[in-house]
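Engineer: Sequence first, predicted model second:
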Amino acid sequence: MRPIFLTFAAILLSNAALAAPPSHPQAEAQALDLAKKAIAMRSVVGPGNKTPEVAKLYSDALIQGGFKASDVVITPYRDTAYLIARWPGADPSLKPFVISGHMDVVEAKPSDWQRDPFTPIVENGYLFGRGATDMKLSGTIAIAALSELRRQGFKPRRSIIIEFSGDEETDMKTGAIIADKLKDAELVLNADDDGGTLDEKTGQPEYFTWNGAEKTYSDFKLTVTNPGGHSSRPRKDNAINQLAAALTRIGQYRFKPELNDLSRAYFTEAARLEGNPKTAQAMRAFAANPADKSAIETLAADPAMVGKIGTTCVATMISGGHAQNALPQRAEANINCRIFPGHKPQDIMAELKKVAAEPALTISDVTGGSVATDASPMRPDFTAAVKKALAVAYPGVPIIPAQASGASDSMWFRYHHVPSYGAAPIFIKASENFSHGLNERTPIAVIGPAIDYYLTLVPELTK
């Protein structure tokens, strides 16, 4: 463990605004300064979108850090922009290593916040503002770390590309464009995904998670239509009743529980840290046998676990009828699915149709901006590099592989069969992770160890 980490833990525990001696003062100061400037730019989709200004800020920082101006390209797209910067390696025959991130943020209404979301504030050891966690600080740490590597004279054998999309929080179009341009990449590190967890009581690092897969997001519209008629002359074929019966059957249905290499590793490793003995036992049993009925029942009853054991589909919206005194002519519902890697949305849609068992029901895929992808392999070079980097930044902290339930730009790289891994070196308490929420903040004590992490990880993956 770094000698100063105990100081970091004390800062986190007491919320005192004290600074530990930095190991790389220029890089750490740059990361925080850039993050504050980026947070002040309201990079939200729609009128007044300042994502292009964030791109210019990042571009200037990369050029000042040693990137050639001709190797840093900002491309406008609709009201946003995306950035791709290349650090050429010594061996052009090698596929590049990519660090991926995004510049846009989720909308934040100042009237709802305790502090203005687009006025960055450092207070009690935390950086406050929209993007402090997702993911402006994480992005500027990566930029500062690459600048530090250049100052140290590091020369990569494999080219390094750092890229930032401009609409990851909305329709993810620029992420798709970037991945198409970089589909020859060897490996992608997504700086926006997963990371470390701090203990709620002590503030010390509890475990670190990286992910190599994510479930496919899909929306399906269920519709039942009917000629309708006067409500005083009810018929058996009522559109609302038929849809309700179909939804009940879907709600009671469980997709086949399953494992892949990542989720098996997750259940095996995370079981050692699980505080509930019954849950821990179920995790171990499921990892050994995904058909274990007792383990399935225990895990399926836990909202935090049910999504990890297979595909889930749930009704999220419903509408029907056109008048209080008329039989419904139409009833509709939305089913939102998070599909386990390896399955196509059309296959899940067909399974839902079968489960609904309602001849009058039609089902259509209304998903936007999502594609199905397989899990990235558990590559020994990547896992070894993460282990080595984390040993420098947070020695002895357990590392847990996982797959994500949400969507990220990694999806687009995996669509092109490029291995992509979420492994951001940001540690935070679960109770203080306010990504997409009110009063978003991140402890600034994470900056130093995160720089150390990148200074080890990047050379390992590009040497």
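Structural biologist: In hand now; what should we look at?
Engineer: The stretch 151-300 of the chain: strands as residue ranges?
Structural biologist: For the stretch 151-300 of the chain, the strands defined by DSSP state E, counting those that start in this stretch occupy 160-165, 187-190, 195-198, 205-214, 216-225, 229-230.
Engineer: Quick one: closest of those strands to Q329.
Structural biologist: strand 216-225 (6.5 Å; Cβ to Cβ). Just so you know, the C-beta spots here come from the backbone N, C-alpha and C atoms, and that holds for glycine as well.
Engineer: Name the residues of the closest one that are buried.
Structural biologist: Within strand 216-225, the residues that qualify as buried are T216, Y217, S218, D219, F220, L222, T223, V224, counting by 16 or more other Cβ atoms under 10 Å.
Engineer: Could you do stretch 52-59 as well?
Structural biologist: P52, E53, V54, A55, L57, Y58, S59.
Engineer: now stretch 276-293
Structural biologist: Neighbour count says stretch 276-293 has T279, A280, A282, M283, R284, A285, F286, A287, P290, D292 buried, by 16+ other Cβ under 10 Å.
Engineer: which residues sit against that stretch?
Structural biologist: 257-259, 264, 267-268, 270-272, 274, 294-296, 298-299, 302, 305, 309 (Cβ atoms under 8 Å, 6 or more residues apart in numbering).
Engineer: do that again at 6 Å, thanks
Structural biologist: With contact meaning Cβ atoms under 6 Å, 6 or more residues apart in numbering, stretch 276-293 is reached by P257, E258, L259, R264, F267, T268, A271, E274, A295, T298, L299.
Engineer: Most neighbours out of the residues you listed, which is it?
Structural biologist: F267 (27 neighbours; other Cβ atoms under 10 Å).
Engineer: and the gap between it and E169?
Structural biologist: According to Cβ to Cβ, to the nearest Å, F267 stands 30 Å off from E169.
Engineer: give me the low-pLDDT residue ranges for this structure?
Structural biologist: Along the chain, the model assigns pLDDT under 70 to residues 1-21.
Engineer: Let me see the ranges of the helices in it.
Structural biologist: 5-14, 25-39, 51-64, 136-151, 173-181, 239-251, 261-270, 277-288, 293-300, 345-356, 380-393, 410-415, 447-462 (DSSP state H).
Engineer: Show me what the shortest one is packed up against.
Structural biologist: If you count contacts as 3 or more Cβ pairs under 6 Å, 6 or more residues apart in numbering; DSSP states H and E, helix 410-415 packs onto helix 173-181, strand 420-422.
Engineer: now for those, which one comes closest to K37?
Structural biologist: Among the helices and strands packed on helix 410-415, helix 173-181 sits nearest to K37 (Cβ to Cβ), with 21.1 Å.
Engineer: Any buried residues in the closest one, and which?
Structural biologist: Of the residues in helix 173-181, K173, T174, G175, A176, I177, I178, A179 count as buried by neighbour count, 16+ other Cβ under 10 Å.
Engineer: ok now that helix, how far from the chain's centre?
Structural biologist: 17 Å (Cα atoms, centre = their mean, to the nearest Å).
Engineer: Name the residues that touch it?
Structural biologist: Applying Cβ under 6 Å, 6+ apart, the external contacts of helix 173-181 come out as Y77, Y82, E163, S165, G166, D167, E168, D409, W412, F413, H416.
Engineer: Okay, the second one and T75: tell me how far apart.
Structural biologist: Taking Cβ to Cβ as the measure, Y82 and T75 are separated by 6 Å.
Engineer: In terms of neighbours, single out the busier of the two.
Structural biologist: Neighbour tally, Y82 and T75, criterion other Cβ under 10 Å: the higher count belongs to Y82, 27 against 16.
Engineer: if I read this right, the more buried one contacts S165, doesn't it?
Structural biologist: Yes. Between Y82 and S165 there is a contact at 5.2 Å, judged by Cβ atoms under 6 Å.
Engineer: got the contact list for the residue nearest the centre of the chain?
Structural biologist: The C-alpha lying nearest the average C-alpha coordinate of the chain belongs to D193 (Cα atoms, centre = their mean; 4.2 Å). Going by Cβ under 6 Å, 6+ apart, D193 touches S408, G422.
Engineer: now swap in I426 and tell me
Structural biologist: S138, G195, V446.
Engineer: Tell me the one of the residues you listed nearest L34?
Structural biologist: After measuring the contacts of I426 against L34 - Cβ to Cβ - the closest member comes out as S138, at 11.3 Å.
Engineer: count of neighbours near that closest one?
Structural biologist: Around S138 sit 26 other residues, with neighbours defined as other Cβ under 10 Å.
Engineer: Tell me how far it lies from A38.
Structural biologist: Taking Cβ to Cβ, one finds S138 at 11 Å from A38.
Engineer: What of L149?
Structural biologist: Noted for L149: a distance of 21 Å to A38, by Cβ to Cβ.
Engineer: Between those two, point out the one with more neighbours.
Structural biologist: Comparing L149 with A38 by other Cβ under 10 Å, the one with more neighbours is A38, at 28 against 23.
Engineer: residues touching the closest residue to the more buried one other than its chain neighbours, list them.
Structural biologist: Once flanking residues are discounted, A38 sits nearest to K136: 4.3 Å by Cβ to Cβ, 6 or more residues apart in numbering. Applying Cβ under 6 Å, 6+ apart, we find K136 in contact with A35, A38, I39.
Engineer: For L57, list the residues it contacts.
Structural biologist: Going by Cβ under 6 Å, 6+ apart, L57 touches K37, A38.
Engineer: any idea how far it is from L34?
Structural biologist: According to Cβ to Cβ, L57 stands 7 Å off from L34.
Engineer: next one: I240
Structural biologist: Distance of I240 to L34, given as Cβ to Cβ: 54 Å.
Engineer: Give me the more crowded residue out of those two.
Structural biologist: Remark: of I240 and L34, L34 carries more neighbours, 22 against 17, as counted by other Cβ under 10 Å.
Engineer: how many neighbours does the residue nearest to the more buried one when sequence neighbours are not counted have?
Structural biologist: Distance criterion Cβ to Cβ, 6+ apart; nearest residue to L34, sequence neighbours excluded, is T140 at 3.8 Å. By the other Cβ under 10 Å criterion, the neighbourhood of T140 contains 27 residues.
Engineer: same check, this time on S431
Structural biologist: Per other Cβ under 10 Å, the neighbour tally for S431 reads 8.
Engineer: any idea how far G437 is from it?
Structural biologist: 12 Å.
Engineer: any shared contact partners between these two?
Structural biologist: Residues touching both S431 and G437 (Cβ under 6 Å, 6+ apart): none.
Engineer: of the helices of the chain, which approaches A372 most closely?
Structural biologist: Nearest to A372, of all the helices of the chain, is helix 345-356, at 5.9 Å by Cβ to Cβ.
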